[in-house]
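K.L.:
Could you work out the structure for the sequence below:
(one chain, ligands or ions: 1)
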Amino acid sequence: MITLYGFPFSNYHNMVKHALMVKGLDFDEQITYPGSPELAAVNPMGKVPAMKTAQGTTLSESSVLLEYLEDAYPQPALLPRNAEDRARVRRITKLSELYLELSARRLLPAVLANADIPPATLTEVRETMERGVNGLKVLAAFSPYVAGPELSVADIFLRYALAIPKLVGPTHLNLDVLAAVPGLAEWDAMMADTDIARKIDADQQANAPEFMAYVAKRLA
Ligand SMILES: N[C@@H](CCC(=O)N[C@@H](CS)C(=O)NCC(=O)O)C(=O)O
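P.N.:
Numbers count the residues shown, from 1 in each chain. Okay, the predicted model is just below:
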């Protein structure tokens, strides 16, 4: 059986968990936090998520895990069949990670610690996120899914990539990503309205106290 290592408050963990659930795969969710020996044993980078495949291979990096799941368990498909459409999906996935998730994430340590953020950092992060917003405005189809009529890995990735932009955008950057991209808020509500998303969101809420205690310990 596949083992997924991570914790349900993590947006990256949840991307992979969501794909596992869409594909109907049995998996063992091992709750592990960065800094633990259990995680270090399966991911030398010490980040979540990590995975041990049913064959015993250990893997890390969410995008790698998502690609692995598609390769190993192609049905139900989360990538289209032809190369052009697959590349369009991957382009939106990459945009979501580089311009929205990773840029907003730069603010997270200061936001969690309630610390001041240098104005130059805020400007840099906002400018990068604006590129992502502009990219989504052009590339997202929302018909009804982000890359077209079928649910794809781009939908799953974007749903969880938006977590930190939603958190820090309005409060620190005067940037409401959901409002800035026509159709994004409706797509986001549609994505939340599935049994899988509800289960993942419920697990995330249930994990919040333990995650906050972990953060408090790390900051102490
Ligand atoms: N590039 C990694 C990012 C994963 C990531 O940032 N995970 C966070 C939790 S959401 C983490 O483990 N942070 C701990 C750390 O940076 O030490 C991936 O795609 O899996």
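K.L.:
So which residues on the chain come close to the ligand?
P.N.:
Ser10, Asn11, Tyr12, Pro34, Gly46, Lys47, Val48, Pro49, Glu61, Ser62, Ser63 (Cβ under 6 Å from any ligand atom). In short, each C-beta sits where N, CA and C put it, glycine included.
K.L.:
So how do I select the buried members of those residues in PyMOL?
P.N.:
Buried residues among these (16 or more other Cβ atoms under 10 Å), as a PyMOL selection:
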select buried, resi 10+11+12+34+47+48+49+61+62+63
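K.L.:
All the strands of the chain, in order from the start?
P.N.:
Using DSSP state E, the strands assigned to the chain run over residues 2-6, 27-31, 50-52, 58-60.
K.L.:
closest to Pro74 out of the ones you listed?
P.N.:
Closest approach to Pro74 among these (Cβ to Cβ): strand 2-6, 15.2 Å.
K.L.:
Looking at the record's assignment, how would you partition this structure?
P.N.:
2-77, 83-192 (automatic domain parsing).
K.L.:
Now tabulate those in CSV and tack on mean pLDDT.
P.N.:
Shown next, in CSV, are these (pLDDT from 0 to 100):
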stretch, mean pLDDT
domain 2-77, 97
domain 83-192, 97
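K.L.:
picking up where we left off before, please identify the most buried of the strands of the chain.
P.N.:
Mean neighbour count (mean count of other Cβ atoms under 10 Å) peaks for strand 50-52 among those, with a mean of 24.
K.L.:
Name every strand pairing with that one and say which way it goes.
P.N.:
Applying DSSP bridges, strand 50-52 is found paired with strand 2-6 (antiparallel), strand 58-60 (antiparallel).
K.L.:
So what touches the last one?
P.N.:
Spelled out, that is strand 58-60. By Cβ atoms under 8 Å, 6 or more residues apart in numbering, the surrounding residues in contact with strand 58-60 are Val42, Asn43, Met45, Lys47, Pro49, Ala50, Met51, Lys52, Thr53, Leu65, Tyr68.
K.L.:
okay, the domains of the chain in TSV with distance to Arg218 next?
P.N.:
Compiled in TSV, those are given as follows (distance: least, Cβ to Cβ, whole Å):
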stretch	distance to Arg218
domain 2-77	7
domain 83-192	9
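K.L.:
Show me the one of the ones you listed that comes nearest Leu219.
P.N.:
Using Cβ to Cβ, the nearest of the domains of the chain to Leu219 is domain 83-192, at 5.7 Å.
K.L.:
now do the same end-to-end measure for that closest one.
P.N.:
Start and end residues of domain 83-192 are separated by 29 Å (Cα to Cα, to the nearest Å).
K.L.:
Which stretches in this protein count as helices?
P.N.:
11-22, 37-42, 62-72, 83-95, 102-105, 108-112, 119-139, 153-161, 163-168, 177-180, 184-192, 195-219 (DSSP state H).
K.L.:
residues contacting the residue nearest to the spatial centre of the chain?
P.N.:
Most central in the chain under Cα atoms, centre = their mean is Tyr160, positioned 3.5 Å from the mean C-alpha point. Contacts for Tyr160 (Cβ under 8 Å, 6+ apart) come out as Asn11, Tyr12, Asn14, Met15, His18.
K.L.:
And Ala197, by the same measure?
P.N.:
So Ala197 contacts His18, Arg159, Met191 (Cβ under 8 Å, 6+ apart).
K.L.:
how close does the second one get to Thr194?
P.N.:
In this view, Arg159 and Thr194 are 10 Å apart by Cβ to Cβ, to the nearest Å.
K.L.:
Tell me which of the two has more neighbours.
P.N.:
Arg159 (22 against 14; other Cβ atoms under 10 Å).
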